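Chemist: After the sequence you'll find the predicted model.
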Amino acid sequence: MIRIDNGPLAKAAVTFKEVTVTSSGVSILDRVNASVPRGSWTAVIGPNGAGKSTLLLALLGMIPYHGLISIAPGEKAPRIGYVPQRFSFDRGMPITVMEFMLMGRQRLPFWFGCRRGMAKARELLGAVRAEALEGRRLGALSGGEMQRVLLALALQEEPDLLVLDEPTAGVDMQGEQIFCELLDELRREKGFTQIMVSHDLATVTHHATHVICLNRRVAAEGPPRQVLTGETLTAIFGLHMGLVDAHGMPEGDTSCTAACCRKKFHV
Amino acid sequence: MFDLTVFFDLIPLLIPCECLQSRFMQQALVGLVLLAPMAAAMGVQVVNFRMAFFADAISHSAFAGVAIGLLASVDPHLTMPAFGLLIGLGIVAVQRRSMLSSDTVIGVFFSALIAFGLAVVSRDASLARDMQRFLYGDILTIGEGEIRWLILLFITVMAFQAWGYNRMLYIGISPTLATAHRVRVAAYQYVYAALLSLVVTFSVWAVGVLLVTALLIVPAAAARNFTRSAGAMFWWALAISVTSAVAGLLVSAQEWARSATGATVILFAFGWFVLSLFATFFTKDHSL
(Lines give C-alpha, C1' and ligand atoms only; values in the text may rest on other atoms or scores of the structure.)
Protein backbone atom coordinates (compact mmCIF):
# COMPACT_ATOMS: atom_id res chain seq x y z
CA MET A 1 0.00 0.00 0.00
CA ILE A 2 1.22 3.49 -0.82
CA ARG A 3 0.66 5.88 2.10
CA ILE A 4 1.65 9.50 1.83
CA ASP A 5 1.61 11.69 4.95
CA ASN A 6 -0.54 14.79 4.78
CA GLY A 7 1.73 16.95 6.94
CA PRO A 8 -0.39 19.63 8.60
CA LEU A 9 -3.55 17.58 8.05
CA ALA A 10 -2.18 14.51 9.80
CA LYS A 11 -4.55 14.98 12.77
CA ALA A 12 -7.26 12.49 11.93
CA ALA A 13 -11.00 13.06 12.26
CA VAL A 14 -11.63 9.37 11.50
CA THR A 15 -9.26 6.43 11.74
CA PHE A 16 -9.93 2.98 10.30
CA LYS A 17 -7.79 0.22 11.85
CA GLU A 18 -7.82 -3.28 10.40
CA VAL A 19 -11.48 -2.91 9.40
CA THR A 20 -12.83 -6.13 7.91
CA VAL A 21 -16.35 -6.79 6.67
CA THR A 22 -17.56 -10.16 5.44
CA SER A 23 -20.97 -11.18 4.20
CA SER A 24 -21.97 -14.85 3.75
CA GLY A 25 -18.30 -15.81 3.83
CA VAL A 26 -17.33 -13.30 1.13
CA SER A 27 -14.81 -10.66 2.09
CA ILE A 28 -16.03 -7.15 1.22
CA LEU A 29 -13.40 -5.17 3.13
CA ASP A 30 -10.11 -6.76 4.07
CA ARG A 31 -8.07 -5.19 6.89
CA VAL A 32 -8.61 -1.60 5.83
CA ASN A 33 -6.26 0.91 7.45
CA ALA A 34 -6.86 4.54 6.56
CA SER A 35 -7.45 7.95 8.09
CA VAL A 36 -9.53 10.99 7.26
CA PRO A 37 -7.70 14.24 8.09
CA ARG A 38 -9.68 16.78 10.09
CA GLY A 39 -11.23 19.50 7.93
CA SER A 40 -10.42 17.64 4.72
CA TRP A 41 -12.50 16.72 1.70
CA THR A 42 -11.62 13.04 1.65
CA ALA A 43 -12.63 11.09 -1.42
CA VAL A 44 -12.94 7.31 -1.42
CA ILE A 45 -12.43 5.97 -4.91
CA GLY A 46 -12.30 2.49 -6.38
CA PRO A 47 -13.96 0.22 -8.93
CA ASN A 48 -17.46 -1.26 -8.55
CA GLY A 49 -17.55 -3.80 -5.73
CA ALA A 50 -14.47 -2.29 -4.07
CA GLY A 51 -16.36 -1.85 -0.78
CA LYS A 52 -16.62 1.96 -0.84
CA SER A 53 -20.25 2.18 0.31
CA THR A 54 -19.63 -0.66 2.77
CA LEU A 55 -16.82 1.37 4.35
CA LEU A 56 -19.26 4.28 4.86
CA LEU A 57 -21.96 1.99 6.28
CA ALA A 58 -19.41 0.58 8.74
CA LEU A 59 -18.44 4.14 9.67
CA LEU A 60 -22.14 4.94 10.29
CA GLY A 61 -22.44 1.79 12.45
CA MET A 62 -25.08 0.24 10.21
CA ILE A 63 -23.29 -3.01 9.48
CA PRO A 64 -21.19 -5.28 11.70
CA TYR A 65 -17.42 -5.22 11.18
CA HIS A 66 -14.20 -6.38 12.77
CA GLY A 67 -11.44 -3.92 13.60
CA LEU A 68 -11.69 -0.40 14.93
CA ILE A 69 -13.22 2.79 13.59
CA SER A 70 -12.51 5.79 15.80
CA ILE A 71 -14.08 9.16 15.17
CA ALA A 72 -12.30 12.22 16.61
CA PRO A 73 -11.07 10.42 19.75
CA GLY A 74 -11.06 12.26 23.05
CA GLU A 75 -13.75 14.80 22.18
CA LYS A 76 -17.51 14.94 22.72
CA ALA A 77 -19.63 12.52 20.71
CA PRO A 78 -19.24 13.63 17.09
CA ARG A 79 -22.29 14.60 15.08
CA ILE A 80 -22.64 12.96 11.69
CA GLY A 81 -24.59 14.16 8.66
CA TYR A 82 -25.30 11.64 5.92
CA VAL A 83 -26.22 12.09 2.26
CA PRO A 84 -27.11 8.70 0.74
CA GLN A 85 -26.52 7.31 -2.75
CA ARG A 86 -29.43 7.39 -5.25
CA PHE A 87 -32.05 8.24 -2.61
CA SER A 88 -35.03 6.08 -3.38
CA PHE A 89 -38.28 6.55 -1.48
CA ASP A 90 -41.99 6.35 -2.08
CA ARG A 91 -42.44 9.39 -4.34
CA GLY A 92 -46.21 9.28 -3.93
CA MET A 93 -45.89 10.00 -0.20
CA PRO A 94 -47.48 13.33 0.67
CA ILE A 95 -44.76 15.32 2.41
CA THR A 96 -43.49 18.82 1.72
CA VAL A 97 -39.82 19.80 1.66
CA MET A 98 -40.33 21.80 4.88
CA GLU A 99 -41.87 18.76 6.64
CA PHE A 100 -38.94 16.68 5.38
CA MET A 101 -36.51 19.16 6.92
CA LEU A 102 -38.34 19.21 10.26
CA MET A 103 -39.25 15.52 10.67
CA GLY A 104 -36.17 14.87 12.80
CA ARG A 105 -36.35 18.20 14.63
CA GLN A 106 -39.97 18.97 15.50
CA ARG A 107 -41.60 16.74 18.12
CA LEU A 108 -45.08 18.32 17.84
CA PRO A 109 -46.82 16.20 15.16
CA PHE A 110 -47.26 17.78 11.75
CA TRP A 111 -51.05 17.55 12.27
CA PHE A 112 -50.63 20.96 13.93
CA GLY A 113 -48.42 22.30 11.15
CA CYS A 114 -44.71 23.08 10.91
CA ARG A 115 -43.60 25.18 13.87
CA ARG A 116 -40.26 24.61 15.60
CA GLY A 117 -37.05 25.06 13.62
CA MET A 118 -38.57 26.62 10.51
CA ALA A 119 -36.17 29.58 10.50
CA LYS A 120 -33.13 27.30 10.72
CA ALA A 121 -34.52 24.99 8.01
CA ARG A 122 -35.12 28.00 5.73
CA GLU A 123 -31.60 29.23 6.36
CA LEU A 124 -30.14 25.82 5.39
CA LEU A 125 -32.36 25.52 2.33
CA GLY A 126 -31.09 28.96 1.38
CA ALA A 127 -27.49 27.83 1.88
CA VAL A 128 -27.98 25.00 -0.63
CA ARG A 129 -29.91 27.30 -2.99
CA ALA A 130 -33.19 25.46 -2.41
CA GLU A 131 -35.17 28.15 -0.56
CA ALA A 132 -37.84 28.20 -3.27
CA LEU A 133 -38.56 24.50 -2.72
CA GLU A 134 -39.88 24.58 0.87
CA GLY A 135 -43.55 24.27 -0.08
CA ARG A 136 -42.99 21.73 -2.87
CA ARG A 137 -43.92 18.08 -2.54
CA LEU A 138 -40.75 16.03 -1.94
CA GLY A 139 -41.69 13.46 -4.60
CA ALA A 140 -41.88 16.19 -7.25
CA LEU A 141 -38.23 17.29 -6.91
CA SER A 142 -35.68 16.63 -9.65
CA GLY A 143 -32.52 14.60 -8.93
CA GLY A 144 -30.35 17.69 -8.43
CA GLU A 145 -32.94 19.42 -6.23
CA MET A 146 -33.34 16.27 -4.13
CA GLN A 147 -29.58 16.05 -3.55
CA ARG A 148 -29.44 19.68 -2.41
CA VAL A 149 -32.36 19.15 -0.02
CA LEU A 150 -30.65 16.00 1.32
CA LEU A 151 -27.50 18.05 1.86
CA ALA A 152 -29.53 20.66 3.77
CA LEU A 153 -31.04 17.86 5.91
CA ALA A 154 -27.55 16.51 6.68
CA LEU A 155 -26.26 20.01 7.52
CA GLN A 156 -29.17 20.46 9.92
CA GLU A 157 -27.41 17.90 12.14
CA GLU A 158 -24.62 20.52 12.48
CA PRO A 159 -22.18 17.75 11.60
CA ASP A 160 -18.56 17.44 12.60
CA LEU A 161 -18.35 14.79 9.91
CA LEU A 162 -20.33 14.86 6.67
CA VAL A 163 -20.60 11.44 4.99
CA LEU A 164 -21.65 11.39 1.33
CA ASP A 165 -22.16 8.23 -0.72
CA GLU A 166 -21.94 9.17 -4.39
CA PRO A 167 -24.26 12.10 -3.83
CA THR A 168 -24.26 13.16 -7.46
CA ALA A 169 -25.00 9.76 -9.01
CA GLY A 170 -27.78 10.27 -11.54
CA VAL A 171 -27.36 14.06 -11.58
CA ASP A 172 -26.27 15.79 -14.81
CA MET A 173 -22.80 17.38 -15.14
CA GLN A 174 -23.98 20.91 -14.44
CA GLY A 175 -25.92 19.79 -11.38
CA GLU A 176 -22.89 17.90 -10.15
CA GLN A 177 -20.62 20.91 -10.58
CA ILE A 178 -23.03 23.16 -8.68
CA PHE A 179 -23.35 20.56 -5.92
CA CYS A 180 -19.57 20.14 -5.52
CA GLU A 181 -18.90 23.89 -5.51
CA LEU A 182 -21.61 24.29 -2.90
CA LEU A 183 -20.03 21.58 -0.77
CA ASP A 184 -16.64 23.26 -1.01
CA GLU A 185 -18.12 26.58 0.06
CA LEU A 186 -20.06 25.07 2.98
CA ARG A 187 -17.10 23.01 4.20
CA ARG A 188 -14.89 26.10 4.31
CA GLU A 189 -17.60 28.12 6.03
CA LYS A 190 -18.72 25.53 8.61
CA GLY A 191 -15.42 23.70 9.07
CA PHE A 192 -16.69 20.12 9.00
CA THR A 193 -14.73 17.13 7.76
CA GLN A 194 -16.10 15.46 4.69
CA ILE A 195 -15.77 11.89 3.46
CA MET A 196 -17.29 11.17 0.09
CA VAL A 197 -17.47 8.11 -2.12
CA SER A 198 -17.09 9.10 -5.74
CA HIS A 199 -16.82 7.39 -9.09
CA ASP A 200 -15.98 10.61 -10.83
CA LEU A 201 -12.23 11.16 -11.00
CA ALA A 202 -12.70 14.67 -12.39
CA THR A 203 -14.60 15.66 -9.22
CA VAL A 204 -11.99 14.01 -7.04
CA THR A 205 -9.01 15.61 -8.76
CA HIS A 206 -10.68 19.00 -8.68
CA HIS A 207 -12.08 19.12 -5.16
CA ALA A 208 -10.61 16.45 -2.87
CA THR A 209 -7.78 17.26 -0.47
CA HIS A 210 -7.22 13.64 0.56
CA VAL A 211 -7.86 10.42 -1.34
CA ILE A 212 -8.32 6.81 -0.23
CA CYS A 213 -7.98 4.37 -3.13
CA LEU A 214 -9.91 1.26 -2.18
CA ASN A 215 -10.23 -2.14 -3.75
CA ARG A 216 -11.33 -4.25 -0.77
CA ARG A 217 -8.01 -3.13 0.75
CA VAL A 218 -6.44 0.31 0.70
CA ALA A 219 -4.24 0.51 -2.39
CA ALA A 220 -3.04 4.06 -1.80
CA GLU A 221 -3.82 7.02 0.44
CA GLY A 222 -2.76 10.65 0.60
CA PRO A 223 -3.09 14.01 -1.19
CA PRO A 224 -4.52 13.64 -4.71
CA ARG A 225 -1.50 15.13 -6.49
CA GLN A 226 0.72 12.41 -5.05
CA VAL A 227 -1.74 9.51 -5.00
CA LEU A 228 -3.65 9.79 -8.26
CA THR A 229 -0.82 8.64 -10.46
CA GLY A 230 -1.27 6.57 -13.57
CA GLU A 231 0.42 3.70 -11.78
CA THR A 232 -2.01 3.70 -8.80
CA LEU A 233 -5.10 4.18 -10.94
CA THR A 234 -4.08 1.43 -13.32
CA ALA A 235 -3.47 -0.82 -10.33
CA ILE A 236 -6.96 -0.33 -8.83
CA PHE A 237 -9.10 0.26 -11.93
CA GLY A 238 -7.13 -2.06 -14.21
CA LEU A 239 -7.16 0.50 -17.04
CA HIS A 240 -4.76 3.13 -18.27
CA MET A 241 -5.89 6.28 -16.45
CA GLY A 242 -3.59 8.88 -17.98
CA LEU A 243 -6.26 11.57 -18.22
CA VAL A 244 -5.97 12.91 -14.69
CA ASP A 245 -4.74 16.50 -14.72
CA ALA A 246 -2.42 17.00 -11.77
CA HIS A 247 -2.55 20.79 -12.15
CA GLY A 248 -6.15 20.91 -11.00
CA MET A 249 -5.41 19.10 -7.75
CA PRO A 250 -5.39 20.73 -4.35
CA GLU A 251 -2.00 20.83 -2.67
CA GLY A 252 -3.19 18.92 0.36
CA ASP A 253 -4.66 21.76 2.38
CA THR A 254 -8.27 22.06 3.49
CA SER A 255 -9.57 24.13 0.62
CA CYS A 256 -9.80 23.57 -3.07
CA THR A 257 -6.97 25.34 -4.86
CA ALA A 258 -8.09 24.63 -8.39
CA ALA A 259 -8.12 27.60 -10.76
CA CYS A 260 -11.90 28.05 -10.83
CA CYS A 261 -12.24 27.93 -7.06
CA ARG A 262 -9.31 30.31 -6.51
CA LYS A 263 -10.93 32.77 -8.84
CA LYS A 264 -14.27 32.40 -7.14
CA PHE A 265 -13.08 32.75 -3.55
CA HIS A 266 -10.44 35.42 -4.07
CA VAL A 267 -12.54 38.01 -5.87
CA MET B 1 -64.39 1.66 36.83
CA PHE B 2 -66.03 4.72 35.30
CA ASP B 3 -69.59 4.49 34.10
CA LEU B 4 -70.03 4.57 30.32
CA THR B 5 -73.82 4.81 30.29
CA VAL B 6 -73.70 8.60 30.21
CA PHE B 7 -71.91 8.42 26.84
CA PHE B 8 -74.36 5.87 25.49
CA ASP B 9 -77.31 8.02 26.60
CA LEU B 10 -75.86 11.03 24.79
CA ILE B 11 -75.76 9.28 21.42
CA PRO B 12 -79.50 9.36 20.55
CA LEU B 13 -79.51 13.06 21.50
CA LEU B 14 -76.58 13.84 19.20
CA ILE B 15 -77.72 11.63 16.31
CA PRO B 16 -81.51 11.45 16.36
CA CYS B 17 -81.80 8.22 14.46
CA GLU B 18 -84.29 5.52 15.36
CA CYS B 19 -81.77 2.72 15.02
CA LEU B 20 -79.58 4.29 17.73
CA GLN B 21 -82.24 3.92 20.43
CA SER B 22 -81.07 0.44 21.39
CA ARG B 23 -78.10 0.00 23.73
CA PHE B 24 -76.24 -2.52 21.52
CA MET B 25 -76.26 -0.01 18.62
CA GLN B 26 -75.01 2.75 20.93
CA GLN B 27 -72.19 0.49 22.11
CA ALA B 28 -71.36 -0.48 18.54
CA LEU B 29 -71.19 3.20 17.56
CA VAL B 30 -68.85 4.02 20.47
CA GLY B 31 -66.71 1.00 19.58
CA LEU B 32 -66.44 2.08 15.96
CA VAL B 33 -65.77 5.73 16.80
CA LEU B 34 -62.87 4.56 18.97
CA LEU B 35 -61.53 2.03 16.46
CA ALA B 36 -61.83 4.11 13.30
CA PRO B 37 -59.41 6.94 14.27
CA MET B 38 -56.88 4.41 15.62
CA ALA B 39 -57.02 2.38 12.42
CA ALA B 40 -56.74 5.58 10.34
CA ALA B 41 -53.74 6.91 12.26
CA MET B 42 -51.91 3.59 12.21
CA GLY B 43 -52.99 3.14 8.58
CA VAL B 44 -51.03 6.26 7.56
CA GLN B 45 -47.84 4.40 8.50
CA VAL B 46 -49.10 1.06 7.15
CA VAL B 47 -49.33 2.76 3.75
CA ASN B 48 -46.06 4.69 4.15
CA PHE B 49 -44.16 1.60 5.33
CA ARG B 50 -45.94 -0.70 2.84
CA MET B 51 -47.04 -2.92 5.70
CA ALA B 52 -50.44 -4.06 4.38
CA PHE B 53 -49.22 -7.65 4.22
CA PHE B 54 -48.02 -7.39 7.84
CA ALA B 55 -51.50 -6.28 8.93
CA ASP B 56 -52.99 -9.17 6.96
CA ALA B 57 -50.74 -11.67 8.74
CA ILE B 58 -51.71 -10.28 12.16
CA SER B 59 -55.41 -10.37 11.32
CA HIS B 60 -55.11 -14.00 10.27
CA SER B 61 -53.39 -14.76 13.57
CA ALA B 62 -56.83 -14.10 15.07
CA PHE B 63 -57.86 -17.61 13.99
CA ALA B 64 -54.98 -19.19 15.84
CA GLY B 65 -55.41 -16.84 18.83
CA VAL B 66 -59.08 -17.71 19.21
CA ALA B 67 -58.40 -21.40 18.66
CA ILE B 68 -55.77 -21.41 21.41
CA GLY B 69 -58.18 -19.66 23.77
CA LEU B 70 -61.00 -22.09 23.08
CA LEU B 71 -58.72 -25.09 23.43
CA ALA B 72 -57.13 -23.85 26.65
CA SER B 73 -60.49 -22.67 28.05
CA VAL B 74 -59.21 -19.09 28.29
CA ASP B 75 -61.34 -16.16 27.11
CA PRO B 76 -60.54 -15.81 23.34
CA HIS B 77 -60.86 -12.04 23.75
CA LEU B 78 -57.64 -12.23 25.77
CA THR B 79 -55.75 -14.86 23.78
CA MET B 80 -56.47 -13.22 20.41
CA PRO B 81 -54.76 -9.84 21.10
CA ALA B 82 -52.01 -11.52 23.14
CA PHE B 83 -51.21 -13.92 20.31
CA GLY B 84 -51.43 -11.13 17.70
CA LEU B 85 -48.98 -9.04 19.76
CA LEU B 86 -46.57 -11.96 20.01
CA ILE B 87 -46.71 -12.61 16.27
CA GLY B 88 -46.27 -8.89 15.41
CA LEU B 89 -43.16 -8.56 17.55
CA GLY B 90 -41.87 -11.89 16.25
CA ILE B 91 -42.19 -10.79 12.61
CA VAL B 92 -40.30 -7.51 13.28
CA ALA B 93 -37.54 -9.35 15.17
CA VAL B 94 -37.05 -11.85 12.32
CA GLN B 95 -37.26 -9.10 9.67
CA ARG B 96 -34.51 -7.12 11.39
CA ARG B 97 -32.17 -10.10 11.63
CA SER B 98 -32.92 -12.14 8.53
CA MET B 99 -31.39 -11.78 5.08
CA LEU B 100 -34.80 -12.67 3.61
CA SER B 101 -37.01 -9.93 2.18
CA SER B 102 -39.83 -8.57 4.37
CA ASP B 103 -42.63 -10.06 2.31
CA THR B 104 -41.01 -13.50 2.42
CA VAL B 105 -40.68 -13.37 6.22
CA ILE B 106 -44.31 -12.23 6.61
CA GLY B 107 -45.45 -14.84 4.05
CA VAL B 108 -43.82 -17.61 6.10
CA PHE B 109 -45.53 -16.42 9.32
CA PHE B 110 -48.81 -15.88 7.48
CA SER B 111 -48.96 -19.41 6.09
CA ALA B 112 -47.92 -20.98 9.39
CA LEU B 113 -50.62 -19.03 11.27
CA ILE B 114 -53.39 -20.02 8.89
CA ALA B 115 -52.24 -23.65 8.87
CA PHE B 116 -52.14 -23.72 12.68
CA GLY B 117 -55.55 -22.05 13.03
CA LEU B 118 -57.19 -24.39 10.50
CA ALA B 119 -55.56 -27.47 12.01
CA VAL B 120 -56.95 -26.63 15.45
CA VAL B 121 -60.38 -25.53 14.22
CA SER B 122 -60.84 -28.55 11.94
CA ARG B 123 -60.67 -30.85 14.98
CA ASP B 124 -64.01 -29.57 16.26
CA ALA B 125 -67.10 -28.64 14.21
CA SER B 126 -68.49 -26.30 16.92
CA LEU B 127 -65.22 -24.34 16.88
CA ALA B 128 -65.59 -23.86 13.12
CA ARG B 129 -69.02 -22.24 13.64
CA ASP B 130 -67.56 -19.86 16.26
CA MET B 131 -64.90 -18.81 13.80
CA GLN B 132 -67.41 -17.41 11.33
CA ARG B 133 -67.97 -14.25 13.38
CA PHE B 134 -64.24 -13.56 13.26
CA LEU B 135 -64.28 -13.88 9.48
CA TYR B 136 -67.01 -11.28 8.95
CA GLY B 137 -66.79 -9.24 12.16
CA ASP B 138 -69.50 -8.64 14.73
CA ILE B 139 -69.31 -5.12 16.18
CA LEU B 140 -72.94 -5.32 17.35
CA THR B 141 -71.93 -7.75 20.11
CA ILE B 142 -69.27 -5.48 21.63
CA GLY B 143 -69.76 -5.06 25.37
CA GLU B 144 -68.85 -2.42 27.96
CA GLY B 145 -65.77 -4.35 29.10
CA GLU B 146 -64.36 -4.41 25.60
CA ILE B 147 -65.11 -0.70 25.14
CA ARG B 148 -63.07 0.06 28.27
CA TRP B 149 -60.13 -1.83 26.76
CA LEU B 150 -60.65 0.10 23.53
CA ILE B 151 -60.53 3.43 25.40
CA LEU B 152 -57.23 2.40 26.99
CA LEU B 153 -55.81 1.35 23.62
CA PHE B 154 -57.10 4.58 22.03
CA ILE B 155 -55.25 6.72 24.56
CA THR B 156 -52.04 4.68 24.12
CA VAL B 157 -52.15 4.74 20.31
CA MET B 158 -52.89 8.46 20.10
CA ALA B 159 -50.17 9.27 22.65
CA PHE B 160 -47.66 7.26 20.59
CA GLN B 161 -48.81 8.97 17.39
CA ALA B 162 -48.51 12.42 18.98
CA TRP B 163 -45.01 11.58 20.22
CA GLY B 164 -43.67 9.74 17.19
CA TYR B 165 -45.65 10.79 14.07
CA ASN B 166 -42.82 12.90 12.63
CA ARG B 167 -40.10 10.37 13.46
CA MET B 168 -42.18 7.54 11.99
CA LEU B 169 -42.39 9.60 8.82
CA TYR B 170 -38.58 9.80 8.84
CA ILE B 171 -38.32 6.01 9.18
CA GLY B 172 -40.95 5.54 6.46
CA ILE B 173 -38.93 7.63 4.03
CA SER B 174 -35.57 6.03 4.77
CA PRO B 175 -34.65 3.91 7.80
CA THR B 176 -30.97 4.25 6.83
CA LEU B 177 -31.10 8.03 6.80
CA ALA B 178 -33.09 8.07 10.04
CA THR B 179 -30.54 5.78 11.74
CA ALA B 180 -27.62 7.88 10.52
CA HIS B 181 -29.31 10.97 11.95
CA ARG B 182 -29.81 9.38 15.38
CA VAL B 183 -33.48 8.36 15.26
CA ARG B 184 -34.08 5.23 17.37
CA VAL B 185 -35.43 3.22 14.48
CA ALA B 186 -35.58 -0.19 16.20
CA ALA B 187 -37.47 1.15 19.24
CA TYR B 188 -40.06 2.92 17.07
CA GLN B 189 -40.48 -0.17 14.88
CA TYR B 190 -41.12 -2.49 17.83
CA VAL B 191 -43.56 -0.15 19.58
CA TYR B 192 -45.37 0.51 16.32
CA ALA B 193 -45.61 -3.23 15.50
CA ALA B 194 -46.96 -3.96 19.00
CA LEU B 195 -49.62 -1.25 18.80
CA LEU B 196 -50.54 -2.15 15.23
CA SER B 197 -50.99 -5.79 16.26
CA LEU B 198 -53.40 -4.73 19.01
CA VAL B 199 -55.33 -2.36 16.73
CA VAL B 200 -55.61 -5.10 14.10
CA THR B 201 -56.88 -7.74 16.52
CA PHE B 202 -59.43 -5.31 18.00
CA SER B 203 -60.49 -4.32 14.48
CA VAL B 204 -61.23 -7.96 13.69
CA TRP B 205 -64.28 -7.52 15.94
CA ALA B 206 -65.52 -4.65 13.86
CA VAL B 207 -64.95 -5.71 10.28
CA GLY B 208 -63.68 -9.28 10.45
CA VAL B 209 -60.43 -10.93 9.36
CA LEU B 210 -61.22 -10.52 5.68
CA LEU B 211 -61.64 -6.74 5.78
CA VAL B 212 -59.37 -5.58 8.57
CA THR B 213 -56.55 -4.55 6.23
CA ALA B 214 -59.05 -2.47 4.25
CA LEU B 215 -60.00 -0.56 7.42
CA LEU B 216 -56.33 0.35 7.82
CA ILE B 217 -55.31 1.17 4.27
CA VAL B 218 -58.37 2.48 2.42
CA PRO B 219 -58.78 5.71 4.47
CA ALA B 220 -55.01 6.34 4.37
CA ALA B 221 -54.80 5.62 0.64
CA ALA B 222 -57.70 8.00 -0.04
CA ALA B 223 -56.12 10.62 2.24
CA ARG B 224 -52.91 10.46 0.18
CA ASN B 225 -54.85 11.55 -2.87
CA PHE B 226 -56.50 14.48 -1.14
CA THR B 227 -53.36 16.19 0.12
CA ARG B 228 -49.70 16.95 -0.47
CA SER B 229 -48.55 17.30 3.13
CA ALA B 230 -47.96 14.69 5.85
CA GLY B 231 -49.86 16.70 8.46
CA ALA B 232 -53.00 17.05 6.37
CA MET B 233 -52.88 13.34 5.44
CA PHE B 234 -53.50 12.46 9.10
CA TRP B 235 -56.65 14.60 9.35
CA TRP B 236 -58.01 13.38 6.03
CA ALA B 237 -57.48 9.73 7.01
CA LEU B 238 -59.21 10.36 10.34
CA ALA B 239 -62.17 12.12 8.76
CA ILE B 240 -62.61 9.46 6.08
CA SER B 241 -62.39 6.62 8.57
CA VAL B 242 -64.79 8.07 11.15
CA THR B 243 -67.42 9.20 8.63
CA SER B 244 -67.26 5.80 6.91
CA ALA B 245 -67.63 4.00 10.25
CA VAL B 246 -70.66 6.05 11.37
CA ALA B 247 -72.33 5.97 7.94
CA GLY B 248 -71.62 2.25 7.58
CA LEU B 249 -73.17 1.42 10.94
CA LEU B 250 -76.28 3.55 10.37
CA VAL B 251 -76.89 2.29 6.84
CA SER B 252 -76.30 -1.36 7.72
CA ALA B 253 -79.00 -1.06 10.43
CA GLN B 254 -81.64 0.18 7.99
CA GLU B 255 -84.42 -2.22 7.08
CA TRP B 256 -83.77 -1.78 3.35
CA ALA B 257 -80.05 -2.51 3.70
CA ARG B 258 -79.65 -5.17 6.40
CA SER B 259 -76.01 -5.65 5.40
CA ALA B 260 -72.96 -6.69 7.44
CA THR B 261 -71.72 -3.61 9.33
CA GLY B 262 -68.01 -4.18 8.63
CA ALA B 263 -68.52 -4.63 4.91
CA THR B 264 -70.75 -1.52 4.73
CA VAL B 265 -68.12 0.58 6.54
CA ILE B 266 -65.46 -0.51 4.04
CA LEU B 267 -67.78 0.26 1.10
CA PHE B 268 -68.20 3.83 2.36
CA ALA B 269 -64.43 4.15 2.73
CA PHE B 270 -64.02 2.88 -0.82
CA GLY B 271 -66.51 5.55 -1.95
CA TRP B 272 -64.17 8.13 -0.41
CA PHE B 273 -61.26 6.53 -2.27
CA VAL B 274 -63.07 6.87 -5.61
CA LEU B 275 -63.75 10.53 -4.81
CA SER B 276 -60.09 11.01 -3.94
CA LEU B 277 -59.05 9.76 -7.37
CA PHE B 278 -60.85 12.75 -8.89
CA ALA B 279 -59.22 15.02 -6.32
CA THR B 280 -55.73 14.00 -7.48
CA PHE B 281 -56.24 16.01 -10.65
CA PHE B 282 -56.57 19.17 -8.58
CA THR B 283 -54.16 18.68 -5.68
CA LYS B 284 -50.98 17.04 -6.99
CA ASP B 285 -48.09 18.12 -9.16
CA HIS B 286 -48.68 15.91 -12.18
CA SER B 287 -44.95 15.53 -12.66
CA LEU B 288 -45.05 13.42 -9.47
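Modeler: That came in fine, so what should we check first?
Chemist: Quick one: the helices in chain A, in order.
Modeler: A:52-59, A:97-102, A:118-127, A:143-155, A:173-190, A:201-207, A:224-227, A:230-237, A:259-265 (DSSP state H).
Chemist: Among the ones you listed, show me which one is buried the most.
Modeler: Neighbour counts (mean count of other CB atoms under 10 Å in any protein chain shown) averaged over each of the helices of chain A peak at helix A:97-102, with a mean of 25. Quick note: C-beta positions are derived from backbone N, CA and C, even for glycine.
Chemist: For chain B, which residues are neighbours of chain A?
Modeler: B:48, B:50, B:99, B:161-163, B:165-167, B:169-170, B:172-174, B:176-183, B:223-224, B:227-235, B:284-285, B:287-288 (CB under 8 Å from any CB of the partner chain).
Chemist: Tell me the residues of the stretch 1-150 of chain A that contact chain B?
Modeler: Checking the stretch 1-150 of chain A against chain B by CB under 8 Å from any CB, the hits are A:24, A:60, A:62, A:80-82, A:84, A:87, A:89-96, A:99-100, A:102-104, A:106-114, A:136-140.
Chemist: Can you tell me the closest non-neighbouring residue to residue B:275?
Modeler: Of all residues not flanking residue B:275 in the chain, residue B:222 sits nearest, at 7.4 Å (CB to CB, 6 or more residues apart in numbering or on different chains).
Chemist: can you tell me how far the one you found sits from residue B:266?
Modeler: Look at residue B:222 and residue B:266: by CB to CB, to the nearest Å, they are 12 Å apart.
Chemist: what does residue B:260 give?
Modeler: 10 Å.
Chemist: So the two - more neighbours on which side?
Modeler: residue B:266 (25 against 19; other CB atoms under 10 Å in any protein chain shown).
Chemist: who touches that one in this structure?
Modeler: Residues near residue B:266 by CB atoms under 8 Å, 6 or more residues apart in numbering or on different chains: B:207, B:211, B:214-215, B:218, B:244, B:248.
Chemist: remind me which residues of chain B are low pLDDT?
Modeler: B:1, B:127-130, B:283-288 (pLDDT under 70).
Chemist: Report the next helix or strand after the longest helix anywhere in it in sequence order.
Modeler: Longest helix of chain B, by residue count under DSSP H: helix B:144-173. Sequence order places helix B:175-180 as the next helix or strand after helix B:144-173, per DSSP states H and E.
Chemist: Give me the contacts around that next one.
Modeler: A:60, A:62, A:80-82, A:84, A:87, A:104, A:153, A:163, B:167, B:170-171, B:185.
Chemist: May I see the residues you listed arranged in CSV, with distance to residue A:186 as well?
Modeler: Below are the contacts of helix B:175-180 laid out as CSV (distance: CB to CB, whole Å):
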residue, distance to residue A:186
A:60, 20
A:62, 24
A:80, 15
A:81, 11
A:82, 15
A:84, 18
A:87, 19
A:104, 19
A:153, 13
A:163, 14
B:167, 26
B:170, 23
B:171, 27
B:185, 27
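Chemist: Buried ones among the residues you listed?
Modeler: Buried members of the contacts of helix B:175-180, counted by 16 or more other CB atoms under 10 Å in any protein chain shown: A:60, A:80-82, A:84, A:87, A:104, A:153, A:163, B:167, B:170-171, B:185.
Chemist: Give the burial count for residue B:74, as a bare number.
Modeler: Neighbours of residue B:74 (other CB under 10 Å): 12.
Chemist: Checking it next. Helix, strand or coil?
Modeler: Reduced to three states with DSSP: H, G, I helix; E, B strand; the rest coil, the structure at residue B:74 is coil.
Chemist: Could you check how far residue B:39 is from residue A:90?
Modeler: As judged by CB to CB, residue B:39 and residue A:90 stand 20 Å apart.
Chemist: quick one, which of these two is more surrounded?
Modeler: residue B:39 (35 against 15).
Chemist: Give me the nearest residue to the more buried one, chain neighbours excluded.
Modeler: residue B:215 (4.7 Å).
Chemist: So the one you found is in contact with residue B:241, correct?
Modeler: Yes. The pair residue B:215 / residue B:241 is scored as a contact, 7.5 Å apart, by CB atoms under 8 Å.
Chemist: Give me the common contacts of the two.
Modeler: B:36, B:39, B:43, B:269.
Chemist: thinking again about what came up before, report the two of the buried ones among the contacts of helix B:175-180 separated the most.
Modeler: A:163 and B:167 (20.8 Å; CB to CB).
Chemist: list the contacts for the residue in the stretch 101-250 of chain A that chain B sits nearest to?
Modeler: For the stretch 101-250 of chain A and chain B, the shortest gap (CB to the nearest CB) falls at residue A:110, measuring 3.4 Å. By CB under 8 Å, 6+ apart, the contact list for residue A:110 reads A:99, A:102-103, B:165-166, B:169, B:229-231, B:234.
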